[in-house]
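**Student:** Need the 3D shape of this:
(chains A, B, C and D)
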Protein chains: 2
Amino acid sequence: MLKSRANIKDVARRAGVHPSTVSRVLNPATRSMVSEALAKKILRIAEELGYRRNPLASGLRTRRTYTVGVVIPDITNPVFPPIVRAVEHALDEKGYIAILADSGSKRRSEKALIENMKARQVDGLILAAANRKDHLVDSCIDEGIPVVLVNRSVEQHSVSAVINDDELGIDLAFQHLIDLGHREIAYIGGPQRASTGYTRYRAFLRSAKQAGVNIDRELVINAREFTESAGQAAFQEIARTGKNLSAVLTANDLLALGVFDALDDLDMKCPRDISVTGFNDMPYVDRFVPPLTTVHISLEELGVQAARLLLEKIENPDAPSKQLRLEPRLIVRGSTATLNAAQAKSGNRVA
Amino acid sequence: MLKSRANIKDVARRAGVHPSTVSRVLNPATRSMVSEALAKKILRIAEELGYRRNPLASGLRTRRTYTVGVVIPDITNPVFPPIVRAVEHALDEKGYIAILADSGSKRRSEKALIENMKARQVDGLILAAANRKDHLVDSCIDEGIPVVLVNRSVEQHSVSAVINDDELGIDLAFQHLIDLGHREIAYIGGPQRASTGYTRYRAFLRSAKQAGVNIDRELVINAREFTESAGQAAFQEIARTGKNLSAVLTANDLLALGVFDALDDLDMKCPRDISVTGFNDMPYVDRFVPPLTTVHISLEELGVQAARLLLEKIENPDAPSKQLRLEPRLIVRGSTATLNAAQAKSGNRVA
DNA sequence: ATGAAAGCGCTAACAG
DNA sequence: CTGTTAGCGCTTTCAT
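**Tutor:** Prediction:
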């Protein structure tokens, strides 16, 4: 095995100059300090020797590693890959690289993960798994390390984030159900510790109130997780009440999928017996049986903007934090239908 | 903003010892060199000061960064997230962290990505995007950097890899179609530059031969990419031949999805008019219309084993490379059905 | 068992 | 414009 790689000293020796001169040439910001002829020569030699800068060494010196940590709750949830990809590409364009960590939704390991990333001197963090009150986020802010939240935000206002207009999203879905004639509407939300879970829940209540629709509180459940099985369990619980309902609005596509499962178990058909809406428009929900009516958000945009905000923050740590709120839109597919005569007349008990 | 973090010198000063002593204590391998009492004291002080080792600095010295590069073609392809997650968790257990890069299937950037990772002194590489002949892989091997391939392998035999038994997988799918009575079977494969594309194609031909089934070569197409749109285009091309067929075996679930799309366009129904099989059993294919009959492979196992192999290789670079071949199994769902009378009698021209 | 000294590869302040 | 010097934080001989 040959000597691993040419370093700055090798280049300097070969060019008959001091290492620092080479360093200056190799760094675009300081290149102009060196005479053009010499710079060219050094560049050529560096090229010949296959020189690559060692970011560990330069990072040790400059405290800039061109590395950012990306923490997501579960890469296996189809919402996240497009976000991750967009983040990564945006970072790549600026010479940054992403350390990815899937926290597995476990709080404990998340702390360790972030610690690890900080130890590795990441220049900033993109967090997709933040809680509404999050001391992990707080501690990052306190330490002055640039942080951007995606998808979820925190209550504390001074942290950069790019999120969706959840109120609007829920309202769109709700109005759609109303327009189809539904009045007995159930809601399955997500964990209240997440801003998304909380905001969507509040938004649902508000939409109902504004529309003058009375919501039976027994038909409103906030699941503990944004997962299919949690959605399934929630709908089963709703079914057990024996109450009438003709539609269920969910705060997340996976929850909606869970409702599909529960409907299957109960031998009910969507949308014939129950209309269902989701949230996120995650990949492939258009292919499900039935195709899911849902609130579309631009996952790519979420990722791109998060990366952009973070890079800004890294360049200029003292600039004020920014919150971006992306506008969602409703995508109507096959899982919602007009309230039919049978449902309206006889009531539609789910038990 | 306070001084960022205690370093070894701070701990040493506080403990009234030399930094090297602290270093010895903090490193499990050298801890025994220090008297137990002193070690305990130093540990306590380190704890108090919130000391974290700076992996950049130690990596610079030891040439071990506890970082591995993971390159995948497209994180947005549902096959990869479970692999990535498994890799990442397995690495995490041993204190390693993953740098993730999505090569976007673009060869050019892939080279740059790997260069970047090498420059960052990764301890090893997990590659899911290798070509059958891959000078990128070759060059890594030449440089002596530990590499493990997942899912795809290369022709050169001396590189560690964990892949699937593609021959078996294809044969399972083929036999299934035969058992259902199909004889006019089309094949849509993947790019031949990928080992998966190549092996599955050869396997299809072999299975047909062994079964004594004559395959019309016009019904055999290898798509340029493992994508939905490539699958759609391929089936359209097959349809244009006007030949009879009752089933299509695809080398990948996304290709199968594309066939679904094409069937839609042609107003044909799966499985009524055409049976379709996929490969990979990627997440959610059980929910499609119709649920896809496909060859299941354990994505998690692929990831776990790849990480294990890489770690082994990092610990012991001179150990011989290992190839692991995981056994797939067939999952029969709704996209395949027995050849029906109508198809058998009249022929089933797709045009 | 502990300390001293050197150096991983790079950059930045200071000279000249 | 270029060279000198020092040091980022850590580990690892080599002494003692």
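**Student:** Please identify the buried residues of stretch A:313-332?
**Tutor:** Neighbour-count burial for stretch A:313-332, counted by 16 or more other CB atoms under 10 Å in any protein chain shown, picks out A:313, A:314, A:321, A:324, A:326, A:328, A:330, A:331. Where C-beta positions appear, they are placed from N, C-alpha and C, glycine not excepted.
**Student:** Could you do stretch A:9-29 as well?
**Tutor:** Within stretch A:9-29, the residues that qualify as buried are A:10, A:11, A:12, A:14, A:15, A:17, A:21, A:22, A:23, A:24, A:25, A:26, counting by 16+ other CB under 10 Å.
**Student:** Contact residues of chain A facing DNA strand C?
**Tutor:** A:4, A:7-9, A:19-20, A:23, A:26-27, A:30, A:51-54, A:57-58, A:60-62 (CB under 7 Å from any atom of the strand).
**Student:** follow-up on the earlier one: which ones among the buried residues of stretch A:9-29 are found in helices?
**Tutor:** Using DSSP state H, A:10, A:11, A:12, A:14, A:15, A:21, A:22, A:23, A:24, A:25, A:26 are the members of the buried residues of stretch A:9-29 that sit in helices.
**Student:** hmm, back to that, between the buried residues of stretch A:313-332, which is closest to residue B:42?
**Tutor:** For the buried residues of stretch A:313-332, the minimum distance to residue B:42 (CB to CB) is 34.5 Å, reached by residue A:314.
**Student:** So stretch A:15-27, near chain B or not?
**Tutor:** No - figure legend: stretch A:15-27 not in contact with chain B (CB under 8 Å from any CB of the partner chain); closest approach 12.3 Å.
**Student:** Against DNA strand D - does that stretch have any residue that ends up touching it?
**Tutor:** Yes - part of stretch A:15-27 sits near DNA strand D under the criterion CB under 7 Å from any atom of the strand, namely A:16, A:17, A:18, A:19, A:20, A:21, A:24.
**Student:** Identify the residue spatially nearest to the fourth one, adjacent ones excluded.
**Tutor:** Same thing as residue A:19. The shortest distance from residue A:19 to any non-neighbouring residue, by CB to CB, 6 or more residues apart in numbering or on different chains, is to residue A:12 (4.3 Å).
**Student:** which ones are touching that neighbour?
**Tutor:** A:18, A:19, A:21, A:22 (CB atoms under 8 Å, 6 or more residues apart in numbering or on different chains).
**Student:** Report the separation between the first one and residue B:267.
**Tutor:** Noted for residue A:18: a distance of 75 Å to residue B:267, by CB to CB, to the nearest Å.
**Student:** where does the stretch 101-250 of chain A have low pLDDT?
**Tutor:** A:105-108 (pLDDT under 70).
**Student:** Which parts of it are strands?
**Tutor:** A:124-127, A:147-151, A:160-164, A:185-189, A:220-222, A:247-250 (DSSP state E, counting those that start in this stretch).
**Student:** got those as JSON lines, with mean neighbour count columns?
**Tutor:** Shown next, in JSON lines, are the strands of the stretch 101-250 of chain A (neighbours: other CB atoms under 10 Å in any protein chain shown):
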{"stretch": "strand A:124-127", "mean neighbour count": "25"}
{"stretch": "strand A:147-151", "mean neighbour count": "27"}
{"stretch": "strand A:160-164", "mean neighbour count": "25"}
{"stretch": "strand A:185-189", "mean neighbour count": "27"}
{"stretch": "strand A:220-222", "mean neighbour count": "19"}
{"stretch": "strand A:247-250", "mean neighbour count": "30"}
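**Student:** In CSV: those, plus distance to DNA strand D.
**Tutor:** Compiled in CSV, the strands of the stretch 101-250 of chain A are given as follows (distance: least, CB to the nearest atom of the strand, whole Å):
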stretch, distance to DNA strand D
strand A:124-127, 18
strand A:147-151, 21
strand A:160-164, 26
strand A:185-189, 45
strand A:220-222, 44
strand A:247-250, 48
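**Student:** Residue A:35 is nearest to which of those strands?
**Tutor:** Closest among those, using CB to CB: strand A:124-127, at 36.0 Å.
**Student:** so what secondary structure elements neighbour that closest one?
**Tutor:** For strand A:124-127, the elements it packs on are strand A:67-72, helix A:135-142, strand A:147-151, helix A:299-315, judged by 3 or more CB pairs under 8 Å, 6 or more residues apart in numbering or on different chains; DSSP states H and E.
**Student:** tell me the domain boundaries of chain A?
**Tutor:** For chain A, automatic domain parsing gives the domain ranges A:8-53, A:65-164+A:298-328, A:166-293+A:332-346.
**Student:** quick one: the last one to chain centroid distance?
**Tutor:** Offset of domain A:166-293+A:332-346 from its chain centre (CA atoms, centre = their mean, to the nearest Å): 22 Å.
**Student:** and if you look at stretch A:69-83?
**Tutor:** So, by CA atoms, centre = their mean, the centroid of stretch A:69-83 is 6 Å from its chain's centroid.
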